[in-house]
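Colleague: give me the fold of what follows.
(chains A and B)
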Amino acid sequence: MSLTAVLVVVVAAVLIGAFGIRFSRTTSDFYVASRTVSPLWNASAIGGEYLSAASFLGVAGLILSFGVDMLWLPVGWTGGYLVLLVLVSAPLRRSGAYTLPDFAEARLESMTVRRTASVLVVLIGWLYLMPQFQSAGLVLRTITGAPVWVGGLLVAVVVAVNVLSGGMRSITFVQAFQYWLKLTALAVPLVFLLLAWQADGAPGVSAQDAATWQMPLSGAKEYGLYSTYSLILATFLGTMGLPHVLVRFYTNPDGQAARRTTLVVLSLLGAFYLLPAVYGWLGRLYAPDLARTDTVVLTLPAKMIGGTLGDLLTALVTAGAFAAFLSTSSGLTVSVAGVIAQDLLKGSVRSFRIATLMAVAVPLGLALWARALPVADVVGLAFAVAASSFCPLLVLGIWWRRLTTTGALAGLFVGGGLACAAVLATITGTSYGGFMKALLAQPAAWTVPIAFAVMVAVSFLTPHRVPPGVARTMVRLHTPENLDLDRGDWRPRSS
Amino acid sequence: MSPEPRPGRRGPLPRTDPARRDPSRREDPPRRVDAFRRTDTPRRVTVTSPRTAAARRPRYPATREIDEQTRLGEVYMRSLLRTQFRLALFVCTVLACVVGGLPLLFLLIPELREVHLLGVPLPWAVLAGLIYPAFVIGAWLYVRQAERNERHFAELVERR
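Modeller: Down below sits the predicted model:
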């Protein structure tokens, strides 16, 4: 039953993707859907793209294991959009940049900064794709018993085919469809689960859990306060630096529309994230002894309801999980491939296709090689890297005229480098004890301030390296589009 | 806020003869002008519509100040940036206080953990529910104010 559901989602994704082929003709179409995507579609697409395996499966699993402290993950993933809205959304759209490297080049007028940003985008994209493929393997193993590499490979192939055949336009339709599918797939079973819980006499958690698990900072994880703050910093500031989020802003017609789209996204995400917490809580009641807690969302319907209805609900949840893998992976693949195609290859449709294969193959290899961590933790690391590299670049670039090329470069290298080193130590499983382990598992609390400090300090030391066109760039970033002003003639290289 | 800059005062555009534009000046013509005029110049002139159009500037002066990056143009841009940045900083500060304060609050006042809201422990009620509508309301207020700031800027710049 669940296998059928997976096949239905996969086939539907491919069909919807194929539907987009007829529309995409030119290179410009291929990349940005010609900017004809309406705001609700756009917001649903952002939501669909953003809610990955980490949100759909991982959050509930971590809550089941570690309790209320883990609620900060979905709160940060939503609140990140508030920070993005306030500091970045409209200026970023007005910059005309299609990717983060585009923005770096437009603002700092330097190809070196652009290339550094490209490398970071590819690294973050791969780091984010890896756990998606891993969880796909885990889910397929849970429902069929197939080896873990099968699920990852399946998702990778479908995504590659989809991106290759339709480009961005079809992806937008696929993504928008996926958001609503994911919401339904989590909400409908939850109604039945809550009814079953009610019929069961509405039990509460055990007295011991009520005293520890249910309480914040009760010590299920070491150094809880540090980890909590580091997590908050990474998620709130990392959202703006995710490569697949920025691409969506380019499909808004203007800066105001970008703001309004972000507002809609915030509501859609808020509605979604009400659900995983309840799953985690029910999981603590009915499945406290799961080996891989990432599967709690999948196992609850069978455990609590059972029978045909339980099977049907499991199938629905599984379909939602696969929708999550497919949508996030597609979005990331498009943006990673876009960056590789433009900055490493020639930028034609053909090089976009080669780049797509590169974008998918590397994280698939990583997924098979790296040790399996909880999916939400690995995604959290991707956020930490984004928060310590692109967040300072965007915030200072948009609001501070005195940011210099050298300063930006130094900040990207130091912040991104430190965060990547911490990530590497964590996913390869280098064993450190005590506080060192917490520092490496949640690096944002120290890497983000360092990145900001380096960028500002080096900029002060190199005042002669302020880009010459900064005044014109500020006009472009901040003035509303309806004013007749000279905004310079920079255009992203893709259009 | 700095005092409102007055657009058009120091624009590089060539000035038209004030006497020709401003009828009140005609009552008391300056002597310098008189010396160059024929004495039999008629006192009254019929102003036809093409002439009024010609007296007006074809472009908005303030946008031109910004385009040519004069010091006044810089003042306009800095005022826009400062307003928007203050708004952004305000939202971020409130957010940081709420989000950064909650873990501390739960740590320092353990009694709060025992409070129940409709049967749900307070930390769960806040983090798994109430905080999301709060985000949306904050975002909505921000969007409204940011668009208002932009409208003000546009009115300021486009005023003749």
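
Colleague: would you point out which residue of chain B is nearest chain A?
Modeller: B:Tyr132 (3.3 Å; Cβ to the nearest Cβ). For glycine as for every other residue, the C-beta is placed from the backbone atoms N, C-alpha and C.

Colleague: pop the domain breakdown of chain B in here.
Modeller: Chain B breaks down by automatic domain parsing into domains covering B:13-56, B:59-158.

Colleague: which one of those has the poorest average confidence?
Modeller: Lowest mean pLDDT within those: domain B:13-56, at a mean of 52.

Colleague: which SSE is immediately downstream of the host helix or strand of A:Leu193?
Modeller: Assigned by DSSP states H and E, A:Leu193 belongs to helix A:148-199. Where DSSP H and E defines the elements, the next helix or strand beyond helix A:148-199 is helix A:207-211.

Colleague: could you list the buried residues of the helix or strand that that following helix is followed by?
Modeller: Remark: after helix A:207-211, the chain's next helix or strand is helix A:224-238, criterion DSSP H and E. By neighbour count on 16 or more other Cβ atoms under 10 Å in any protein chain shown, the buried set for helix A:224-238 is A:224, A:226-238.

Colleague: again, but for stretch A:426-443
Modeller: Buried, per 16+ other Cβ under 10 Å, within stretch A:426-443: A:Thr426, A:Ile427, A:Lys437, A:Ala438, A:Leu439, A:Leu440, A:Ala441, A:Gln442, A:Pro443.

Colleague: reformat the residues you listed as TSV; add pLDDT and distance to A:Trp213.
Modeller: Putting the buried residues of stretch A:426-443 into TSV (pLDDT from 0 to 100; distance: Cβ to Cβ, whole Å) gives the following:
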residue	pLDDT	distance to A:Trp213
A:Thr426	84	24
A:Ile427	80	27
A:Lys437	81	22
A:Ala438	81	20
A:Leu439	84	25
A:Leu440	85	25
A:Ala441	84	20
A:Gln442	87	20
A:Pro443	91	26
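
Colleague: contacts only, for the closest residue to chain B within the stretch 251-400 of chain A.
Modeller: Closest contact between the stretch 251-400 of chain A and chain B, by Cβ to the nearest Cβ, is at A:Gly270 (3.3 Å). A:Gly270 makes contacts with A:Thr78, B:Tyr132, B:Pro133, B:Phe135, B:Val136, as judged by Cβ atoms under 8 Å, 6 or more residues apart in numbering or on different chains.

Colleague: do the same with A:Pro480
Modeller: A:Asp254, A:Gly255, A:Gln256, B:Glu150, B:Phe153, B:Ala154.

Colleague: which residue comes closest to A:Val158 once chain neighbours are left out?
Modeller: Once flanking residues are discounted, A:Val158 sits nearest to A:Val10: 5.4 Å by Cβ to Cβ, 6 or more residues apart in numbering or on different chains.

Colleague: neighbours of A:Leu73, just the number please.
Modeller: By the criterion of other Cβ atoms under 10 Å in any protein chain shown, A:Leu73 has 26 neighbours.

Colleague: which one of the buried residues of helix A:224-238 sits closest to A:Arg401?
Modeller: A:Arg401 lies nearest to A:Leu237 out of those, by Cβ to Cβ, at 21.5 Å.
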